[in-house]
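Undergrad: quick one: sequence and predicted model below, then my questions.
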Amino acid sequence: MSETLSKDAYPLGENSCDSIRGRSGKALSDLTLENVRAGTLSAADFCISSETLHRQAALSAASGYEELASNLRRAAELVNVPDEELLDIYDALRPGRKTFEALIDLANYMITEYDAPETAQLIRDTADNYQASGRLLASE
């Protein structure tokens, strides 16, 4: 996403409330206590969308916070990854849990399965760092 936002757009929840939607498509303005009490909302309605994370990333980058922007772009890539799979990825990235080849395979999987190039690069960088520091699993 290449949306250009100025620093004045922050915070998005106050300055762009009508355009922010959760993963379910519900508008931020619909996420009210009254709607919860009425039973018209579910927990899924409160999940952030990749679009919102991309907008936050664009705003962070425009404000000079490129590392935060990168983290938000990775988060946007991961919103559709099932929780169980996210936990498996987290576990795989712990030192000594995987071989270099297994981490590279995981990075490639993230690209082909989820179109997640920034996450894949993070996994590749982790593999390289673990290789350099001797923190890889010798074999699986």
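TA: On my side now, so go ahead. Just so we're clear, the structure is a prediction, and the values are computed from it rather than from any experiment.
Undergrad: only C-alpha atoms from now on, for both contacts and neighbour counts.
TA: Noted.
Undergrad: can you pull out the low-pLDDT segments for this structure?
TA: 1-18 (pLDDT under 70).
Undergrad: could you chop it up by domain?
TA: 1-80, 81-140 (automatic domain parsing).
Undergrad: need those in TSV (columns: mean neighbour count).
TA: Listed next are the domains of the chain as TSV, based on neighbours: other CA atoms under 10 Å:
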stretch	mean neighbour count
domain 1-80	16
domain 81-140	16
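Undergrad: for the residue of the chain most remote from its centre, what are its contacts?
TA: Here the centre of the chain is the reference, and by CA atoms, centre = their mean the most remote residue is residue 38, at 30.8 Å. Under the criterion of CA atoms under 8 Å, 6 or more residues apart in numbering, the contact list for residue 38 is empty.
Undergrad: ok, it to residue 32 distance?
TA: 10 Å (CA to CA, to the nearest Å).
Undergrad: now do the helices in this protein.
TA: Listed in chain order, the helices of the chain (DSSP state H) span residues 12-15, 33-38, 50-62, 66-78, 83-92, 100-114, 117-133.
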